[in-house]
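> can't give you the sequence, but here's the structure:
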DNA sequence: TTCCGACAGTGGGGTCGCAAT
DNA sequence: ATTGCGACCCCACTATCGGAA
């Protein structure tokens, strides 16, 4: 199959907002790929805007200068896939010059449209309005199988490409053969969110509240003494985490798949996320890291035990077995149907230094890969009144609007304004239109896509916490900042101070 | 007819490892 | 030594479509 065929479909998908039309276009191309003997796995990934190699060491900078495009399309999907694999290998060998030559070779054979599409694929910014959700439905339509069967297989297999290939060649019988495999990561279940505990507890039914640990999600596979550890995005990080491997090896099971969180602790208190994150992402001498920043292992779910798959079992049953298998590693948890009791637990967990709670339905199966109602996280919300220092022009659907705002707090001593970070979150289209006009009216000068403004507009910001920053002059930055509302009832002289923010560290 | 679940898009901060400067 | 880049941890929120109620 020609790459141009895939790109034509991508263009058709981007041109409509109707998901049904997107599915129709995608499924037709998938079927064409299967019938023509093209690699369905690769075509599926390409149609979803996913790079099969995941990473090849090339980003926007590595594609800033490209050769003249070809006049007419000639690239085949298989050639492109091979070329991208080769580029990834060269990156792994550290030969930047050779990698650059390989990138130039590939792009030199691509037309203008193909160059633009390849750039989107490689940077992961396809923005055609079709990701996983639409692709899974398209696979089902193309293979004439049940969409639920496709979803289930993708959850258990972790990735859509191989499932598409199986469905198109073997139909629903092939999908039924896709099962949880110990040693192969499956998609982790995700949580929705609620503003408070009372909202998360619906109608007097009993729920579990798990302590929400601010660390790194981990999926642990134990297979007769052999352990593999995967992150939320299914990367294998086993070699970096020897103490976690030891903890899993010591469990009283032959085979098991567990879901949990790793976190650095000191004197029984959780360390800031930056400490856990830095330890987990470092691939330096694991033995040294283990002694300097040991990680504690907490599990909150059990997906497989000694030959039995548990993803469809009710959570209560999975928790019972987890307590038997890993009694020393179960996350702090409360079962209750009383709002007051739940709120007390929430307060206790915060007092212990944790992030909040995750409210879970004891009846729910493990809905891998979905952000369903089975799990609901609750975290406290802080707010500050800050001033807008500058605004950036938006991109994509925000093109033409001033979008991302720079936030400043007051230095109580000098009276100067100190930048604490940026945010683009929480803005409705109406607010975007309003703030575009407002900030153009306050403009002082521009640098690139940043419009600097007279610091006169006060904004109320919500955020989850503060963290140390080497980027911003106050030494602190806000975590997950979002706009609540613009305030015209408060002068800039009365906004919150950087000292107050530092006090939250 | 209205409601609501799922999804895609639009980006945020920090850190590590590596190659080039 | 420092800087730039790519990769990958943590993420919130709104608009929209289309099936459910």
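Perfect, I can see it now. From a predicted model like this one, the values you see are computed outputs, not experimental measurements.
> and the residue of the stretch 351-500 of chain A closest to DNA strand B?
Proximity of the stretch 351-500 of chain A to DNA strand B (CB to the nearest atom of the strand) peaks at residue A:396, 1.8 Å away. C-beta here means a position set from N, CA and C on the backbone, and glycine is covered the same way.
> the stretch 401-505 of chain A: strands as residue ranges?
Along the stretch 401-505 of chain A, the stretches classed as strands by DSSP state E, counting those that start in this stretch are A:402-410, A:417-423, A:443-447, A:450-453, A:458-463, A:465-468, A:476-479, A:482-487.
> looking at those strands, which is buried most?
Most buried of the strands of the stretch 401-505 of chain A, by mean neighbour count (mean count of other CB atoms under 10 Å): strand A:402-410, with a mean of 24.
> what about the nearest residue to residue A:332 once chain neighbours are set aside, neighbour count?
Once flanking residues are discounted, residue A:332 sits nearest to residue A:211: 4.1 Å by CB to CB, 6 or more residues apart in numbering. Residue A:211 has 23 neighbours, counted by other CB atoms under 10 Å.
> ok, now the one 10 residues further on?
Counted by other CB under 10 Å, the residues lying close to residue A:221 total 25.
> can I get the strands of the stretch 401-505 of chain A in JSON lines including distance to residue A:83 and mean pLDDT?
Shown next, in JSON lines, are those (distance: least, CB to CB, whole Å; pLDDT from 0 to 100):
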{"stretch": "strand A:402-410", "distance to residue A:83": "35", "mean pLDDT": "97"}
{"stretch": "strand A:417-423", "distance to residue A:83": "37", "mean pLDDT": "97"}
{"stretch": "strand A:443-447", "distance to residue A:83": "38", "mean pLDDT": "96"}
{"stretch": "strand A:450-453", "distance to residue A:83": "37", "mean pLDDT": "97"}
{"stretch": "strand A:458-463", "distance to residue A:83": "44", "mean pLDDT": "98"}
{"stretch": "strand A:465-468", "distance to residue A:83": "40", "mean pLDDT": "96"}
{"stretch": "strand A:476-479", "distance to residue A:83": "40", "mean pLDDT": "96"}
{"stretch": "strand A:482-487", "distance to residue A:83": "41", "mean pLDDT": "97"}
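> surely residue A:491 meets residue A:457?
No - using CB atoms under 8 Å, residue A:491 is not in contact with residue A:457, being 11.1 Å away.
> so which residues on the stretch 1-150 of chain A come close to DNA strand B?
A:49, A:94, A:96-97, A:126-136 (CB under 7 Å from any atom of the strand).
> quick check: phi and psi on residue A:91?
When read as degrees, to the nearest 10, the backbone of residue A:91 gives phi -60, psi -40.
> what of residue A:449?
Residue A:449 has phi and psi values of phi -90, psi 10 when expressed as degrees, to the nearest 10.
> can you pull the pLDDT of the residue in the stretch 351-500 of chain A that DNA strand C sits nearest to?
Nearest to DNA strand C, among the residues of the stretch 351-500 of chain A, is residue A:428, at 3.4 Å (CB to the nearest atom of the strand). Reading off the confidence values, residue A:428 has pLDDT 97.
> and it, backbone torsions?
Torsion angles, degrees, to the nearest 10, at residue A:428: phi -80, psi 170.
> any idea how far residue A:383 is from it?
Distance, residue A:428 to residue A:383, using CB to CB, to the nearest Å: 18 Å.
> one step back: residue contacts, the residue of the stretch 351-500 of chain A closest to DNA strand B?
residue A:127 (CB atoms under 8 Å, 6 or more residues apart in numbering).
> what's the spacing between it and residue A:127?
Taking CB to CB, one finds residue A:396 at 6 Å from residue A:127.
> how many residues are close by the residue nearest to residue A:286 when sequence neighbours are not counted?
Spatial nearest neighbour of residue A:286, chain neighbours left out: residue A:242 (5.1 Å); criterion: CB to CB, 6+ apart. Residues near residue A:242, counting by other CB under 10 Å, number 15.
> residues contacting residue A:242?
So residue A:242 contacts A:286-287, A:290 (CB under 8 Å, 6+ apart).
> who wins for neighbours among these?
residue A:290 (17 neighbours).
> can you tell me the element it falls in?
For residue A:290, the host element (DSSP states H and E) is helix A:286-292.
> in the helix or strand just after that helix, what counts as buried?
Scanning forward in sequence from helix A:286-292 by DSSP H and E, the next helix or strand is strand A:295-305. Residues A:295-305 are the ones in strand A:295-305 that count as buried (16 or more other CB atoms under 10 Å).
> identify the residues contacting stretch A:264-272?
Stretch A:264-272 is touched from outside by A:213-215, A:263, A:275-276, A:279, A:293-296, A:352-354, A:467-468, with contacts defined as CB under 8 Å, 6+ apart.
> buried ones among the residues you listed?
Buried, going by 16+ other CB under 10 Å: A:213-215, A:263, A:275-276, A:279, A:293, A:295-296, A:354, out of the contacts of stretch A:264-272.
> and the residue lying closest to residue A:299 once chain neighbours are set aside, what is it in contact with?
Spatially, and ignoring its direct neighbours in sequence, residue A:299 is nearest to residue A:260 (3.6 Å; CB to CB, 6+ apart). Residue A:260 is in contact with A:217-218, A:220, A:297-301, A:329, A:331, counting by CB under 8 Å, 6+ apart.
> for the residues you listed, which one is nearest DNA strand B?
Out of the contacts of residue A:260, the member with the shortest distance to DNA strand B (by CB to the nearest atom of the strand) is residue A:217, at 13.3 Å.
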